[in-house]
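J.: Starting from these lines, generate the structure:
(one chain, ligands or ions: 1)
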Amino acid sequence: VPAPVIVVHGGAGARGRAGRARDAEARDGLAAAVACATAVLDDGGDALDAAQAAVESLEDRPCFNAGIGSVLTSAGQAEMDAALMDGRGRAGAVAIVRTPRHPIALARAVLEHSAHVLLGGEGAEAFGAAHGVDAVPPGFHVTDRERARAVPPSPGTVGAVVLDARGGLAAATSTGGMRGQHPGRVGDSPLIGAGTYADERCAISASGHGEALIRAVAAHEVAALVQHARLGVAEAAERVVASIATDAALIAVGADGSVALPFNTKGFSRAWRRGDGPVRLAIE
Ligand code: ASP
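T.: Got it, this is the predicted structure:
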């Protein structure tokens, strides 16, 4: 029986002085996300439940660019994307949504209740309303700080990958996208295989330059290298990040409990825990 492993991230990229001033907040948020996932596993939840819980807690924290704290499009709105997938091949995702309190919870509803994998925009929001997903008014997720653009474009996409004690794997990712993006732009995060992927061998959540991660099909590329090239998860994840010329970072966990957190950026907020060991945390 493997010891459970929880890995979370709070986004890749240089933070700038204003961003660094919020490091304590980010560290708090990451540690709380690991604690949330731990509580879910202790309660008998599986890897998917734990990854979702970790991401929901990060969506609640205004210091991350997901849920509350999402960055604004060029039209001044928060348009959020989220996805999750488990090692059994179950997947759910949403794009360009404004009203779910927790975009990752809406992605979970798509996984559970829809014949589809990815729903976007108003149709996704209506689906959430029909399935009892907590909704809030548009603008709920926009902080005064973001409205004032008081901080430089910041990293802060969030994600989690989990290996549970039954050997189950899951990945979850949530984001407000890139500040100033064109309305309707969809990044890598909600695209299965680009920013989020899991199979029975590994689970991956990405952050960084969405367009590059999409073109590299980054998360699936890690899984493909593990499956077909028989690389270890760490080597596969490092190779994929190294192959991307612009900002890229990944968290990955393997069915054997191996963990990888490679990044080619100035910073990558991340935290991880194996079994009941200590929570490890790094931002640079
Ligand atoms: N990958 C995200 C996106 O392109 C942004 C990020 O990770 O910072 O939407």
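J.: Contact partners for the closest residue to Thr143 other than its chain neighbours?
T.: For Thr143, ignoring the flanking residues on the chain, the nearest one in space by C-beta to C-beta, 6 or more residues apart in numbering is Pro62 at 4.9 Å. All C-beta spots, glycine's among them, are computed from the backbone N, C-alpha and C. Pro62 makes contact with Ile68, Gly69, Thr143, Arg145, according to C-beta atoms under 8 Å, 6 or more residues apart in numbering.
J.: Tell me the secondary structure at Pro62.
T.: When classified by DSSP: H, G, I helix; E, B strand; the rest coil, Pro62 comes out as coil.
J.: Just want the phi and psi numbers for it.
T.: Here is the backbone geometry of Pro62 (degrees, to the nearest 10): phi -70, psi -10.
J.: For it, give its distance to Ala78.
T.: Counting by C-beta to C-beta, to the nearest Å, the gap from Pro62 to Ala78 is 12 Å.
J.: cool, Glu25 as well?
T.: For Glu25, the distance to Ala78 - C-beta to C-beta - is 19 Å.
J.: Looking only at neighbour counts, state which of the two leads.
T.: Ala78 (25 against 14; other C-beta atoms under 10 Å).
J.: Show me which residues of the stretch 151-284 of the chain are close to the ligand?
T.: 155, 157, 175, 177-178, 187-189, 195, 207-208, 210, 213 (C-beta under 6 Å from any ligand atom).
J.: The residues you listed in helices, which ones?
T.: Among those, the members falling in helices (DSSP state H) are Gly210, Leu213.
J.: Can you list the helices and strands that the helix or strand that contains Ala236 packs against?
T.: Per DSSP states H and E: Ala236 is located in helix 233-242. On a contact count with 3 or more C-beta pairs under 8 Å, 6 or more residues apart in numbering; DSSP states H and E, helix 233-242 meets strand 202-208, helix 218-228, strand 248-254, strand 259-260.
J.: okay, those in TSV with mean pLDDT and distance to Glu56 next?
T.: Converted to TSV, these look like this (pLDDT from 0 to 100; distance: least, C-beta to C-beta, whole Å):
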stretch	mean pLDDT	distance to Glu56
strand 202-208	98	14
helix 218-228	98	20
strand 248-254	98	17
strand 259-260	98	22
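J.: Need the ones you listed in JSON lines (columns: mean neighbour count).
T.: Shown next, in JSON lines, are these (neighbours: other C-beta atoms under 10 Å):
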{"stretch": "strand 202-208", "mean neighbour count": "33"}
{"stretch": "helix 218-228", "mean neighbour count": "22"}
{"stretch": "strand 248-254", "mean neighbour count": "28"}
{"stretch": "strand 259-260", "mean neighbour count": "22"}
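J.: Any idea how many residues pack against Ile283?
T.: 16.
J.: For the closest residue to it other than its chain neighbours, what is the enclosing helix or strand?
T.: Nearest residue to Ile283, sequence neighbours excluded (C-beta to C-beta, 6+ apart): Ser269, at 4.9 Å. Using DSSP H and E, Ser269 sits in strand 268-274.
J.: could you point out which element follows that strand?
T.: Under the assignment DSSP H and E, the closest C-terminal helix or strand after strand 268-274 is strand 280-282.
J.: Show me the contact partners of that following strand.
T.: Residues contacting strand 280-282 (C-beta under 8 Å, 6+ apart): Arg27, Leu30, Ala31, Leu261, Phe268, Ser269, Arg270, Ala271, Trp272, Arg273.
J.: Top of these by number of neighbours, please.
T.: Ser269 (31 neighbours).
J.: OK, contacts around that residue?
T.: So Ser269 contacts His9, Gly10, Gly11, Ala26, Arg27, Leu30, Pro155, Gly156, Ala282, Ile283 (C-beta under 8 Å, 6+ apart).
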